[in-house]
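>>> what follows is a predicted protein model with its sequence.
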Amino acid sequence: MSTSIAQKMSRQGQWFQPAEADPDASIRLLLFPHAGSGAIIYRDWPELLPRDIGAQALTLPGRQERRGEQAFTEWEPLVEGLYEAVLATNDNRPFAFYGHCLGAQLAYELAVRMEKDGVQGPLMVGMSGWAPKGFFCPTEEHIEMPTDELISWIKRLGSFPADIYDNPEMLAMVIPALRSDLSVAAQRKDHGALVPCPLVSYGGKNDGLQEEDDAFQSWVPRSPQYLGHREYPGGHFFIDSHAEAITQDFCSHLYRLAAAAKN
(Lines give C-alpha, C1' and ligand atoms only; values in the text may rest on other atoms or scores of the structure.)
Protein backbone atom coordinates (compact mmCIF):
# COMPACT_ATOMS: atom_id res chain seq x y z
CA MET A 1 0.00 0.00 0.00
CA SER A 2 1.37 3.42 -0.91
CA THR A 3 2.14 5.95 1.83
CA SER A 4 -0.49 8.38 0.54
CA ILE A 5 -3.23 5.73 0.54
CA ALA A 6 -2.20 4.50 3.99
CA GLN A 7 -2.30 8.06 5.35
CA LYS A 8 -5.72 8.65 3.80
CA MET A 9 -7.08 5.43 5.27
CA SER A 10 -5.72 6.28 8.70
CA ARG A 11 -7.91 9.41 8.66
CA GLN A 12 -10.98 7.39 7.81
CA GLY A 13 -13.12 5.30 10.06
CA GLN A 14 -12.80 1.60 10.59
CA TRP A 15 -13.83 -0.40 7.52
CA PHE A 16 -14.14 -3.78 9.23
CA GLN A 17 -15.47 -4.74 12.65
CA PRO A 18 -13.48 -5.95 14.46
CA ALA A 19 -10.42 -4.36 12.90
CA GLU A 20 -8.54 -7.64 13.35
CA ALA A 21 -9.93 -11.17 13.37
CA ASP A 22 -9.64 -13.30 16.49
CA PRO A 23 -5.94 -14.21 16.71
CA ASP A 24 -6.91 -17.81 17.59
CA ALA A 25 -8.96 -18.22 14.39
CA SER A 26 -7.25 -20.19 11.63
CA ILE A 27 -9.48 -18.77 8.86
CA ARG A 28 -10.84 -15.24 8.42
CA LEU A 29 -14.26 -14.44 6.93
CA LEU A 30 -14.91 -10.98 5.49
CA LEU A 31 -18.62 -10.12 5.42
CA PHE A 32 -20.12 -7.54 3.04
CA PRO A 33 -23.62 -6.11 3.78
CA HIS A 34 -26.47 -5.02 1.53
CA ALA A 35 -27.11 -1.47 0.32
CA GLY A 36 -27.81 1.13 3.00
CA SER A 37 -26.56 -1.00 5.87
CA GLY A 38 -23.32 -1.94 7.57
CA ALA A 39 -21.70 -4.48 9.86
CA ILE A 40 -24.82 -4.60 12.04
CA ILE A 41 -26.62 -7.02 9.69
CA TYR A 42 -24.04 -9.67 10.60
CA ARG A 43 -24.15 -9.00 14.35
CA ASP A 44 -25.32 -12.57 15.12
CA TRP A 45 -22.84 -14.35 12.86
CA PRO A 46 -19.82 -14.51 15.20
CA GLU A 47 -21.89 -16.63 17.62
CA LEU A 48 -22.98 -18.95 14.80
CA LEU A 49 -19.53 -19.51 13.33
CA PRO A 50 -17.05 -22.09 14.63
CA ARG A 51 -14.42 -20.60 16.93
CA ASP A 52 -11.64 -21.12 14.40
CA ILE A 53 -13.36 -18.88 11.81
CA GLY A 54 -12.92 -15.20 12.64
CA ALA A 55 -15.53 -12.86 11.15
CA GLN A 56 -14.94 -9.23 10.19
CA ALA A 57 -17.93 -7.29 8.85
CA LEU A 58 -17.75 -4.25 6.56
CA THR A 59 -19.19 -0.82 7.29
CA LEU A 60 -18.83 1.69 4.45
CA PRO A 61 -18.60 5.47 5.02
CA GLY A 62 -21.90 7.29 5.52
CA ARG A 63 -23.63 4.89 7.94
CA GLN A 64 -23.59 3.62 11.51
CA GLU A 65 -20.48 4.84 13.35
CA ARG A 66 -19.10 6.15 10.02
CA ARG A 67 -22.09 8.36 9.24
CA GLY A 68 -19.96 11.49 9.67
CA GLU A 69 -17.89 10.47 6.64
CA GLN A 70 -18.82 11.18 3.04
CA ALA A 71 -20.52 8.18 1.45
CA PHE A 72 -19.27 6.87 -1.88
CA THR A 73 -21.59 7.52 -4.83
CA GLU A 74 -19.39 6.12 -7.62
CA TRP A 75 -18.47 2.49 -8.25
CA GLU A 76 -14.77 2.76 -9.11
CA PRO A 77 -13.69 4.96 -6.17
CA LEU A 78 -15.59 2.70 -3.76
CA VAL A 79 -13.98 -0.46 -5.13
CA GLU A 80 -10.54 1.16 -5.00
CA GLY A 81 -10.95 2.26 -1.38
CA LEU A 82 -12.41 -1.06 -0.30
CA TYR A 83 -9.71 -2.99 -2.15
CA GLU A 84 -7.02 -1.19 -0.16
CA ALA A 85 -8.95 -1.80 3.07
CA VAL A 86 -9.19 -5.53 2.33
CA LEU A 87 -5.47 -5.75 1.52
CA ALA A 88 -4.76 -4.01 4.82
CA THR A 89 -6.51 -6.84 6.70
CA ASN A 90 -4.17 -9.45 5.21
CA ASP A 91 -2.19 -11.32 7.88
CA ASN A 92 -1.27 -14.38 5.81
CA ARG A 93 -4.13 -16.46 7.18
CA PRO A 94 -6.51 -17.96 4.58
CA PHE A 95 -9.77 -16.06 4.20
CA ALA A 96 -13.14 -16.14 2.46
CA PHE A 97 -15.74 -13.59 1.32
CA TYR A 98 -19.50 -13.59 1.89
CA GLY A 99 -21.67 -10.80 0.50
CA HIS A 100 -25.37 -10.02 0.27
CA CYS A 101 -26.82 -8.01 -2.67
CA LEU A 102 -24.49 -5.00 -3.10
CA GLY A 103 -22.09 -6.81 -0.79
CA ALA A 104 -22.08 -9.76 -3.19
CA GLN A 105 -21.27 -7.44 -6.09
CA LEU A 106 -18.35 -5.99 -4.16
CA ALA A 107 -17.06 -9.42 -3.09
CA TYR A 108 -17.16 -10.58 -6.71
CA GLU A 109 -15.29 -7.52 -7.93
CA LEU A 110 -12.66 -7.78 -5.21
CA ALA A 111 -11.97 -11.48 -5.86
CA VAL A 112 -11.49 -10.78 -9.57
CA ARG A 113 -9.28 -7.77 -8.87
CA MET A 114 -7.05 -9.66 -6.44
CA GLU A 115 -6.42 -12.43 -8.94
CA LYS A 116 -5.67 -9.88 -11.64
CA ASP A 117 -3.12 -8.13 -9.41
CA GLY A 118 -1.49 -11.39 -8.38
CA VAL A 119 -2.20 -11.02 -4.66
CA GLN A 120 -3.58 -13.61 -2.26
CA GLY A 121 -7.30 -14.01 -2.86
CA PRO A 122 -10.15 -15.73 -1.01
CA LEU A 123 -10.42 -19.50 -0.66
CA MET A 124 -14.05 -19.19 -1.69
CA VAL A 125 -16.83 -16.65 -2.15
CA GLY A 126 -20.43 -16.82 -0.94
CA MET A 127 -22.94 -14.93 -3.08
CA SER A 128 -26.24 -14.09 -1.43
CA GLY A 129 -29.29 -12.35 -2.87
CA TRP A 130 -27.62 -11.48 -6.18
CA ALA A 131 -26.35 -13.00 -9.40
CA PRO A 132 -24.72 -11.33 -12.43
CA LYS A 133 -27.76 -11.98 -14.63
CA GLY A 134 -31.46 -11.95 -13.86
CA PHE A 135 -31.40 -9.54 -10.91
CA PHE A 136 -32.66 -6.00 -10.42
CA CYS A 137 -30.24 -3.20 -11.24
CA PRO A 138 -31.13 0.30 -9.97
CA THR A 139 -31.64 3.17 -12.41
CA GLU A 140 -31.57 6.94 -12.02
CA GLU A 141 -35.33 6.76 -11.40
CA HIS A 142 -34.78 4.60 -8.31
CA ILE A 143 -31.95 6.77 -7.02
CA GLU A 144 -34.02 9.95 -7.32
CA MET A 145 -37.26 8.39 -6.05
CA PRO A 146 -39.16 10.68 -3.65
CA THR A 147 -38.46 9.71 -0.06
CA ASP A 148 -41.99 8.44 0.65
CA GLU A 149 -41.86 6.18 -2.42
CA LEU A 150 -38.37 4.98 -1.55
CA ILE A 151 -39.46 4.11 1.98
CA SER A 152 -42.47 2.18 0.65
CA TRP A 153 -40.21 0.30 -1.76
CA ILE A 154 -37.66 -0.79 0.84
CA LYS A 155 -40.48 -1.59 3.28
CA ARG A 156 -41.92 -4.07 0.76
CA LEU A 157 -38.48 -5.66 0.44
CA GLY A 158 -38.08 -5.81 4.21
CA SER A 159 -34.72 -4.08 4.01
CA PHE A 160 -34.56 -2.88 7.61
CA PRO A 161 -36.11 -3.71 11.01
CA ALA A 162 -39.77 -2.64 11.19
CA ASP A 163 -39.25 -0.07 13.95
CA ILE A 164 -36.95 2.02 11.71
CA TYR A 165 -39.83 3.03 9.42
CA ASP A 166 -41.64 4.81 12.27
CA ASN A 167 -38.50 6.59 13.47
CA PRO A 168 -37.79 9.80 11.50
CA GLU A 169 -34.31 10.16 13.00
CA MET A 170 -33.32 6.64 11.98
CA LEU A 171 -34.77 7.09 8.50
CA ALA A 172 -32.82 10.33 8.12
CA MET A 173 -29.63 8.31 8.62
CA VAL A 174 -30.61 5.29 6.52
CA ILE A 175 -32.05 6.92 3.38
CA PRO A 176 -28.94 8.96 2.32
CA ALA A 177 -26.72 5.86 2.66
CA LEU A 178 -29.21 3.82 0.65
CA ARG A 179 -29.36 6.40 -2.13
CA SER A 180 -25.56 6.50 -2.28
CA ASP A 181 -25.38 2.71 -2.53
CA LEU A 182 -28.05 2.58 -5.24
CA SER A 183 -26.00 5.11 -7.19
CA VAL A 184 -22.91 2.94 -6.78
CA ALA A 185 -24.71 -0.23 -7.89
CA ALA A 186 -26.19 1.50 -10.94
CA GLN A 187 -22.68 2.24 -12.22
CA ARG A 188 -21.34 -1.31 -12.00
CA LYS A 189 -20.47 -2.72 -15.41
CA ASP A 190 -20.56 -6.46 -16.01
CA HIS A 191 -17.46 -7.69 -17.83
CA GLY A 192 -18.33 -11.36 -17.50
CA ALA A 193 -15.20 -11.97 -15.41
CA LEU A 194 -14.38 -15.40 -14.05
CA VAL A 195 -14.31 -15.74 -10.27
CA PRO A 196 -10.86 -17.25 -9.57
CA CYS A 197 -12.03 -19.49 -6.70
CA PRO A 198 -14.91 -21.81 -5.73
CA LEU A 199 -18.25 -20.09 -5.32
CA VAL A 200 -21.52 -20.98 -3.60
CA SER A 201 -24.77 -19.03 -3.89
CA TYR A 202 -27.78 -18.49 -1.62
CA GLY A 203 -31.22 -17.04 -2.32
CA GLY A 204 -34.74 -16.46 -1.02
CA LYS A 205 -37.63 -18.29 -2.71
CA ASN A 206 -39.66 -15.08 -2.95
CA ASP A 207 -36.93 -12.52 -3.60
CA GLY A 208 -38.58 -9.41 -5.05
CA LEU A 209 -35.33 -8.36 -6.73
CA GLN A 210 -34.83 -11.63 -8.62
CA GLU A 211 -36.23 -11.05 -12.10
CA GLU A 212 -35.49 -14.46 -13.68
CA ASP A 213 -36.22 -17.88 -12.16
CA ASP A 214 -32.84 -19.33 -13.13
CA ALA A 215 -30.79 -16.23 -12.24
CA PHE A 216 -28.28 -18.11 -10.12
CA GLN A 217 -27.38 -20.37 -13.03
CA SER A 218 -25.49 -17.37 -14.42
CA TRP A 219 -22.75 -18.24 -11.91
CA VAL A 220 -22.05 -21.60 -13.56
CA PRO A 221 -19.79 -20.27 -16.35
CA ARG A 222 -18.15 -17.74 -14.04
CA SER A 223 -16.54 -20.01 -11.46
CA PRO A 224 -13.99 -22.79 -11.95
CA GLN A 225 -15.84 -24.67 -9.20
CA TYR A 226 -19.47 -23.69 -8.66
CA LEU A 227 -20.56 -25.36 -5.43
CA GLY A 228 -24.25 -24.98 -6.14
CA HIS A 229 -27.19 -22.93 -4.96
CA ARG A 230 -29.10 -23.10 -1.68
CA GLU A 231 -32.58 -21.61 -1.49
CA TYR A 232 -34.52 -20.70 1.64
CA PRO A 233 -38.06 -19.53 2.45
CA GLY A 234 -38.42 -15.77 2.45
CA GLY A 235 -37.79 -12.70 0.37
CA HIS A 236 -34.69 -10.69 -0.43
CA PHE A 237 -33.60 -10.58 3.20
CA PHE A 238 -33.95 -14.30 3.89
CA ILE A 239 -30.53 -14.19 5.58
CA ASP A 240 -32.13 -12.54 8.63
CA SER A 241 -34.10 -15.73 9.35
CA HIS A 242 -31.71 -18.39 8.06
CA ALA A 243 -28.29 -17.27 9.24
CA GLU A 244 -27.67 -20.50 11.15
CA ALA A 245 -28.37 -22.75 8.15
CA ILE A 246 -26.35 -20.52 5.82
CA THR A 247 -23.31 -20.39 8.08
CA GLN A 248 -23.36 -24.16 8.58
CA ASP A 249 -23.46 -24.81 4.85
CA PHE A 250 -20.88 -22.16 4.02
CA CYS A 251 -18.44 -23.35 6.70
CA SER A 252 -18.70 -26.98 5.57
CA HIS A 253 -17.44 -25.92 2.14
CA LEU A 254 -14.83 -23.61 3.64
CA TYR A 255 -13.32 -26.30 5.88
CA ARG A 256 -13.03 -28.71 2.96
CA LEU A 257 -11.33 -26.13 0.76
CA ALA A 258 -8.99 -25.00 3.53
CA ALA A 259 -7.91 -28.59 4.14
CA ALA A 260 -7.31 -29.12 0.43
CA ALA A 261 -5.24 -25.92 0.23
CA LYS A 262 -2.87 -27.27 2.90
CA ASN A 263 -2.12 -30.41 0.87
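That came through fine. Numbers count the residues shown, from 1 in each chain.

>>> the most centrally placed residue in the chain is in what secondary structure piece?
The centre of the chain sits closest to Gly103, judged by Cα atoms, centre = their mean, with a distance of 2.1 Å. Assignment of secondary structure by DSSP states H and E places Gly103 within helix 102-117.

>>> and the next helix or strand after that helix, how far out from the chain middle?
Going down the chain from helix 102-117, the next helix or strand is strand 125-128, by DSSP H and E. Counting by Cα atoms, centre = their mean, to the nearest Å, strand 125-128 is centred 8 Å from the centre of its parent chain.

>>> contacts for strand 125-128, please.
Residues outside strand 125-128 that contact it (Cβ atoms under 8 Å, 6 or more residues apart in numbering): 96-101, 103-104, 107-108, 111, 195, 197-203, 219, 239, 246, 250. No exception for glycine: its C-beta is placed from N, CA and C like everyone else's.

>>> now, which of those lie within strands?
Under the assignment DSSP state E, the contacts of strand 125-128 contribute Ala96, Phe97, Tyr98, Gly99, His100, Leu199, Val200, Ser201, Tyr202, Gly203 to strands.

>>> rebuild these as TSV, extending it with distance to Glu169 and neighbour count.
Rendered in TSV, the data for these read as follows (distance: Cβ to Cβ, whole Å; neighbours: other Cβ atoms under 10 Å):
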residue	distance to Glu169	neighbour count
Ala96	36	26
Phe97	33	28
Tyr98	31	28
Gly99	28	26
His100	25	28
Leu199	39	25
Val200	38	24
Ser201	36	25
Tyr202	33	24
Gly203	33	24
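
>>> what's the closest of the residues you listed to Leu157?
His100 (12.3 Å; Cβ to Cβ).

>>> for Cys101, see how far away the nearest residue to the closest one once chain neighbours are set aside is.
On the basis of Cβ to Cβ, 6 or more residues apart in numbering, the spatially nearest residue to His100 that is not a chain neighbour turns out to be Ser128, at 4.2 Å. For Ser128, the distance to Cys101 equals 7 Å [Cβ to Cβ, to the nearest Å].
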